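Asks: Compute the structure for the input listed below.
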Amino acid sequence: MCNPMPVYSTACPRNCYSTCSMRVEIEDGRLRRVEPHPDNRATPEGACLKGLSYVERVHSPDRILHPLRRKAGTAEFERIPWDEAIDLIVSNLMRIKDELGPQSVLYYAGSGTKGLLNAVGMEFWKLYGGCTTTYGDLCWPAGLEATRLTLGENKHNAPWDLANAKLIVMWGKNAAETNIHQMVFVDEALDSGARLVVIDPRRTQTSERAELLIQPRPGTDGALALSIAHLLIANGHVDRPFVERHVLGFEEFAASVSEFTPAKAAEISDVPVDYIHRLAQLMGTTSPMTVSAGFGMQRYTNSGQTMRAILALLAITGNIGKPGAGWVYANLQSHIFDAVKDPLAFYPPENPGGGIRVSISTALLGRHMLATRDPPLRMAWVERGNPVTQNPETRTVLEAFRALEFRVVVDQFLTDTAREADLVLPAKTMFEQSDVIGAYWHPYIQLKQKVMDPPGEVKPESEVYYLLARRLGFDEREMAGRIPEPGDEAIERFLKGKLEPFAELSPDRLREGPVLAPGHQEVAFSDYLFPTPSGKIELVSAEAARRWNAHQLPVYVEPDESARRGSRESEEFPLYLLTPNTKNRIHSQFNNLKMIQLFGDKPFLLLNPRDARERNIDDGDVVKVFNRRGAIRVAARLDNGIKAGCVLVTNGWWITEGGTVNFCSYGRETDMGYGAAFHDNLVEVKLANE
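Replies: Predicted coordinates:
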């Protein structure tokens, strides 16, 4: 009889809603199978295609297994020993520090992988004497800040509670592709008689069971929300007892939306008046109601105020703190290890200590890098990110990186950013070092445990930092507890120390499977305790005005880059470029795998047939998508499901795969939260051979 393969509990650490629990089988040191883990109520169906592709990703022949040094004056790399790689890094760190100081080094850490051990990097740079690093985020800060200003903190009902909703509004979210496990609970609710509304400029998989699809002009969701509030108040669909007890600023808000009629919103948003009335009627008469908002909608220059306006709809109808009701955006209840929760962690601190200069906006990365002085940047260290592809203004980011003297990139594959490096260090996969991770949709703490040794000469990042620290002569007493020694036992001690304050958590308990975060609230705000200055849901926020120079109330402002501004640029580039995520990639991850490429290995442009006819474009034609910032060339795909005036290319394509959408984007910050407003993006499309 054959011996069964060992089975281990682990969890996916990618920057994804699901943070799936999984069981994996290992045979002869190789990953053989990925299976569901039933103890996670949010992800009982198991891993998505990306998760299943780990079997290929871990053992991919394209994976970087050794340090690689760029051959002088070429785009090629050569393998070098680890001792030589460490010597090369140390010599540059010492030289740059002696010549200009430690702040001439840029430390760029993306969000590609969750885990407590990610903090080791910053501990190293503090021991080094400092560095320059980034503030803000590409993903979601405007929505986080809008939620914090309104509700006091970012949390929402447990994912499975969505099955209790009677009305679900997917506002700017295509959960069927980007939060696929959420659709299990959506379907449960619909099968029990709930109703679904989807608000999105394109018809998506998520909208297939919706009774109402509303397609606003990009960036105008705030106008739509304010008009719905106008109707809810005018029609008496306000939960007055709830408002009186738990809401600050209702009367001021009601006065401000009194002039925001459906006709006005229709003119701004292109949503027919009848649709606005129908949505307001559903929201006013169906309870409990959950609004699940997407991240893409809050990547505009007006998006913080947009999210506040949508939140107000839940507040005035009393749909907060109840089963089946609430705001599903970010659930940070598992972030129990964070010193600072919520969007405050993205703000540049006044005095971070340790010589750290937090002066580079993630949204303005390239321009800020080039403009940095006293001292200027001479070196960059990049880990867990692919900024050349994923940050706004790719051409400027490339210029900034190429202006540096020395660049180190830590990655599993030769991404666009890694190809710009002078030295590439091989990164571990999720199976090759233990770590503890939280999530931002469900409330579980999980152990991503080591189940196999790294292949080739791969070293976990924490070990690389340890080797550098020793070579640089750092005091071992200062290193203790900050940079763990190499080896599984040292990592176990490090993680155990982080878990000690929480009696419910231990490495042994987490090895069995996911554990609900201590203090988890299954129905968020069910105690009606809102940690805002007033202790209430704040529709009027003095902090919004003080911190962001924004109106105290949710108001509508046209996005900076808009086809309605009547500028020369908007006339020259009249189309909105949508750049959403897609099911089988997480931004720029996974598409280099053959398993994923079977489902679409080339970028394409979706456009409405009306827009295509005006430009003499047929299905399958190669077109140029462009503005003054740059261009990409892709095949056209005609689709009546996308709103006329909008075109779409999914984000995450590498330059080597056909070009990143960020050749066309511009670095701007959102109105609050220091997010990247790169969805303010107008383009034109024409046949590539014109």
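Asks: C-alpha from now on. contacts and neighbour counts both.
Replies: Fine.
Asks: what are the ranges of the helices in the stretch 551-690 of the chain?
Replies: Using DSSP state H, counting those that start in this stretch, the helices of the stretch 551-690 of the chain run over 568-572, 594-597, 609-614.
Asks: hmm, who's touching the shortest one?
Replies: Contacts made with helix 594-597 from outside it, assessed by CA atoms under 8 Å, 6 or more residues apart in numbering, are listed as Leu49, Lys50, Ser53, Glu56, Asn584, Arg585, Phe590, Asn591.
Asks: What of stretch 504-513?
Replies: 8-10, 21, 37, 39-40, 445-447, 449, 492, 495-496, 499-500, 515, 518.
Asks: hmm, which of the residues you listed are the buried ones?
Replies: Applying 16 or more other CA atoms under 10 Å to the contacts of stretch 504-513, the neighbour count classes 8-10, 21, 37, 40, 445-447, 449, 495-496, 499, 515, 518 as buried.
Asks: Would you list the phi and psi of Glu383?
Replies: phi -140, psi 150 (degrees, to the nearest 10).
Asks: hey, what's it bridged with?
Replies: Ala109, Val410 (DSSP bridges).
Asks: which stretches of the chain aren't confidently modelled?
Replies: Residues of the chain that meet the criterion pLDDT under 70 lie in 1-3, 339-346, 349-351.
Asks: can I see the domain layout of it?
Replies: Per the record, the chain has its domains at 68-129+346-437+451-512, 141-332+523-548, 568-687, by automatic domain parsing.
Asks: could the ones you listed go into CSV alongside distance to Glu45?
Replies: Converted to CSV, the domains of the chain look like this (distance: least, CA to CA, whole Å):
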stretch, distance to Glu45
domain 68-129+346-437+451-512, 18
domain 141-332+523-548, 8
domain 568-687, 16
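Asks: And these: which comes nearest Asn15?
Replies: Distance to Asn15, taken as CA to CA, is lowest for domain 68-129+346-437+451-512 among those, at 5.4 Å.
Asks: now the end-to-end length of that closest one.
Replies: Across domain 68-129+346-437+451-512, the terminal residues are separated by 38 Å (CA to CA, to the nearest Å).
Asks: Work out for me the element Ile96 sits within.
Replies: Here Ile96 sits within helix 82-99, counting by DSSP states H and E.
Asks: list the buried ones in that helix?
Replies: Applying a neighbour-count criterion of 16+ other CA under 10 Å, one finds Trp82, Ala85, Ile86, Ile89, Val90, Asn92, Leu93, Ile96, Lys97 buried in helix 82-99.
Asks: Could you check how far the residue nearest to the first one when sequence neighbours are not counted is from Gln412?
Replies: By the measure of CA to CA, 6 or more residues apart in numbering, the closest residue to Trp82 outside its immediate chain neighbours is Pro67, 6.5 Å from it. Applying CA to CA, the value for Pro67 to Gln412 is 11 Å.
Asks: Gly652 now?
Replies: Per CA to CA, Gly652 is found 16 Å from Gln412.
Asks: More neighbours: which of the two?
Replies: Using other CA atoms under 10 Å, the more surrounded residue of Gly652 and Gln412 is Gly652, with 26 against 22.
Asks: List only those of the contacts of helix 594-597 flagged as buried.
Replies: Here, 16+ other CA under 10 Å leaves Lys50, Ser53, Asn584, Arg585, Phe590, Asn591 buried among the contacts of helix 594-597.
Asks: how about the buried residues of helix 82-99 in CSV, adding distance to Ile320?
Replies: Below are the buried residues of helix 82-99 laid out as CSV (distance: CA to CA, whole Å):
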residue, distance to Ile320
Trp82, 55
Ala85, 54
Ile86, 53
Ile89, 52
Val90, 54
Asn92, 54
Leu93, 52
Ile96, 53
Lys97, 52
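Asks: Identify each of the helices in the stretch 151-300 of the chain and give its residue range.
Replies: Under DSSP H, counting those that start in this stretch, the stretch 151-300 of the chain gives helices at 175-178, 182-191, 221-234, 240-246, 250-257, 262-269, 273-285.
Asks: Show residues contacting the fifth one.
Replies: What that stands for is helix 250-257. When contacts are defined by CA under 8 Å, 6+ apart, helix 250-257 is touched by residues Leu226, Ser227, Ala229, His230, Ile233, Val243, Ile316, Leu539, Val540, Leu553, Pro554.
Asks: Provide a list of residues in contact with the second one.
Replies: Contact partners of Ser227, counting by CA under 8 Å, 6+ apart, are Val257, Phe260, Thr261, Pro262, Lys264, Ala265, Ile276.
Asks: redo that, cut-off 10 Å
Replies: Residues near Ser227 by CA atoms under 10 Å, 6 or more residues apart in numbering: 233, 257-266, 273, 276-277, 280, 309.
Asks: Point to the residue nearest the middle of this protein.
Replies: Cys139 (3.5 Å; CA atoms, centre = their mean).
Asks: so Arg23 sits in a strand?
Replies: Yes: assessed with DSSP: H, G, I helix; E, B strand; the rest coil, Arg23 lies in a strand.
Asks: is it true that it touches Glu35?
Replies: Yes: with contact defined as CA atoms under 10 Å, Arg23 reaches Glu35; the gap is 5.1 Å.
Asks: Look up the residues that both of the two are in contact with.
Replies: Val7, Ser9, Gly46, Ala47.
Asks: top of the residues you listed by neighbour count?
Replies: Most neighbours among these, by other CA under 10 Å: Ala47, with 25 neighbours.
Asks: Distance of that one relative to Gly673?
Replies: The gap separating Ala47 from Gly673 is 32 Å, by CA to CA.
Asks: didn't Leu226 look like it was pressed against Val557?
Replies: No: using CA under 10 Å, Leu226 makes no contact with Val557, being 11.6 Å away.
Asks: which one of those two has more residues nearby?
Replies: Leu226 (30 against 15).
Asks: who touches that one in this structure?
Replies: 232, 253-254, 256-262, 265, 306, 308-310, 312-313, 554-556.
Asks: how about 8 Å then?
Replies: Listed by CA under 8 Å, 6+ apart, the contact partners of Leu226 are Val257, Phe260, Ala309, Ile310, Val555, Tyr556.
Asks: Among those, name the buried ones.
Replies: Val257, Phe260, Ala309, Ile310, Val555, Tyr556.
Asks: ok, now how distant is the closest residue to the fifth one other than its chain neighbours from Leu149?
Replies: Looking back up the chat, that one is Val555. Nearest non-adjacent residue to Val555, counting by CA to CA, 6+ apart: Gln305, 6.2 Å away. As judged by CA to CA, Gln305 and Leu149 stand 11 Å apart.
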